[in-house]
Every structure is written in C-alpha cells, then in structure tokens.
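Novice: Sharing a sequence plus its predicted fold:
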Amino acid sequence: MKQHHAIFDLDGVLLDTEPLYTQATAEVVARFAKVYEWSMKSQCIGRGTYESARIIVDALALPLTPQELVTARDVILRVLLESAQPMRGAVTFTRELAARGVRMAIATSTQAALFAHKAAPHKAWLGSFEAIICGDDPRVKRSKPAPDIFLAAADALGLSPAECTVFEDSPFGVAGALAAGMRVVALPDPAMDRELYRGAHLVVSGFDELIGSIDTLGFSPPHLSP
C-alpha cells in the first residue's frame with residue numbers, strides 16, 4: 001500500500017470553531033435586525049473569507065461591504081477563539097500519525113493573521129504540522145472548491161497529490177481536494193446532508209471512527225509498507 005500523508009482543514013476539522021463563527025456573525029447581523037440561519041451558514045462553510053461574507057451581505061441585504069462584515073465579525077471572533085477547543089479525537093489522531101512518520105499540513109481558508117490567533121493557545125500541537133497554507137497565501141489564487149490550497153500544501157510538503165489524503169468538513173473542501181487529485185476523508189457537521197459528500201472516498205462522523213483503522217487508511221510507516 002502506498003504511504004499516504006495528510007492535509008487537514010482547520011475549522012470544524014482540527015478546531016471546534018464553527019459555532020464561534022456562527023455566534024460572531026449572528027451578533028453582527030443582529031445589529032441590523034437580521035438573522036443568520038443555518039441555511040445560509042451551510043452555504044458558507046469551506047468557502048474563502050470574503051466570498052462567504054459576500055454571500056451573507058447579499059442574502060441579508062446588509063448595509064456593509066464584505067470587508068466591513070469580516071472586520072466587525074473578527075472583533076467578536078478573536079475573543080471567542082481564546083476558548084476554542086480541538087475537535088474530539090483530533091489531537092490523538094494527528095499525534096498517532098506523527099508517531100508513524102506521516103507528514104502533515106494544514107490548508108485553511110482562514111487568513112494568516114487570524115490563523116495565528118487561533119493557533120496561539122495550541123502551539124505545542126498545531127506547531128508540529130510541517131506546513132501551514134492559509135487563504136491569503138499568494139499561491140492560493142482561487143478559494144475552495146478550487147484545488148489551489150491543497151496543491152500548495154502538497155508542494156510545501158514536497159509531495160505529489162496522489163500521496164496526500166485530505167480531511168475536510170465542507171462540500172467545497174471535498175470538491176477542491178478531489179479536483180487536486182487527492183484522496184478525501186469527509187467529517188461533515190451532523191446538520192449537513194451527507195449526500196453532499198458522496199464524492200469523498202470515506203465519510204465519517206469524527207476522528208474516533210478513524211483511530212482504530214489507521215493502518216487500513218495507508219498511514220503505516222513507510223518501512224512497513226509492502
């Protein structure tokens with residue numbers, strides 16, 4: 001079996017931040033007597049920062065530019081992120097991969113400055129990833145579902161797409177990883193329609209389902225691979 005290496009999305013995959021994004025965005029739009037509902041949120045998960053903001057601004061007819069919405073949201077979000085916790089099983093799973101010699105990268109639509117803020121409370125863990133590709137990286141010309149961010153992550157690891165397995169929670173992320181020619185494991189939010197992930201090679205509820213089957217995923221150490 002070919003030795004695979006891992007590329008992880010951040011929000012909703014490694015860190016449990018999606019509810020915090022929802023709360024921060026809801027607080028901003030409430031200033032204009034608007035409601036940020038799941039039907040809208042589900043269209044934004046996995047998209048680029050300003051692309052998501054434009055969807056919200058247009059859908060709610062907010063008197064803001066996408067940039068203004070993001071700026072106002074991030075003031076609230078930065079405070080909330082101080083309490084963000086890892087997704088269940090994420091630390092155990094990634095540390096097991098590291099112990100097996102698996103190389104790992106993060107590919108997140110988050111801009112670099114906000115990523116640094118998210119990562120600060122988790123330096124010992126997230127600092128162990130070999131490469132971090134953020135949404136404002138100059139190599140990322142197009143946001144998910146384009147493959148740019150995943151190809152940049154593979155390049156940063158010195159790997160071909162065929163050697164990479166991507167862990168994603170959004171349909172746009174899954175589509176981008178597939179377009180990059182990579183294997184994809186989807187970990188969707190329970191509220192998302194799993195039919196939207198039918199292109200993924202594997203769909204699971206969380207890392208707990210994967211920890212006991214790492215060998216079958218192709219993450220055995222290279223010297224143990226036939």
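Specialist: Yep, that arrived.

Novice: Near residue 175, how many other residues are there?
Specialist: Residue 175 sits with 21 neighbouring residues when counted by other Cβ atoms under 10 Å. For glycine as for every other residue, the C-beta is placed from the backbone atoms N, C-alpha and C.

Novice: That one reaches residue 144, doesn't it?
Specialist: Yes. Counting by Cβ atoms under 8 Å, residue 144 is a contact partner of residue 175 at 7.2 Å.

Novice: Please name every helix or strand in contact with the lowest-mean-pLDDT helix or strand in the chain.
Specialist: Within the chain, no helix or strand scores below helix 38-44, which has a mean of 88 by mean pLDDT, DSSP states H and E. For helix 38-44, the elements it packs on are helix 49-60, judged by 3 or more Cβ pairs under 8 Å, 6 or more residues apart in numbering; DSSP states H and E.

Novice: Now stretch 52-61: buried residues?
Specialist: If you call a residue buried by 16 or more other Cβ atoms under 10 Å, then stretch 52-61 has these buried ones: 52, 53, 54, 55, 56, 57, 59, 60.

Novice: For the last one, which non-adjacent residue is spatially closest?
Specialist: Excluding its sequence neighbours, the residue lying closest to residue 60 (Cβ to Cβ, 6 or more residues apart in numbering) is residue 34, at 4.4 Å.

Novice: Repeat that for the second one.
Specialist: With Cβ to Cβ, 6+ apart as the criterion, residue 53 has its nearest non-adjacent residue at 3.6 Å, and that residue is residue 66.

Novice: okay, now the domains of this structure?
Specialist: Using automatic domain parsing, the domain parsing of the chain gives 5-16+85-224, 18-82.
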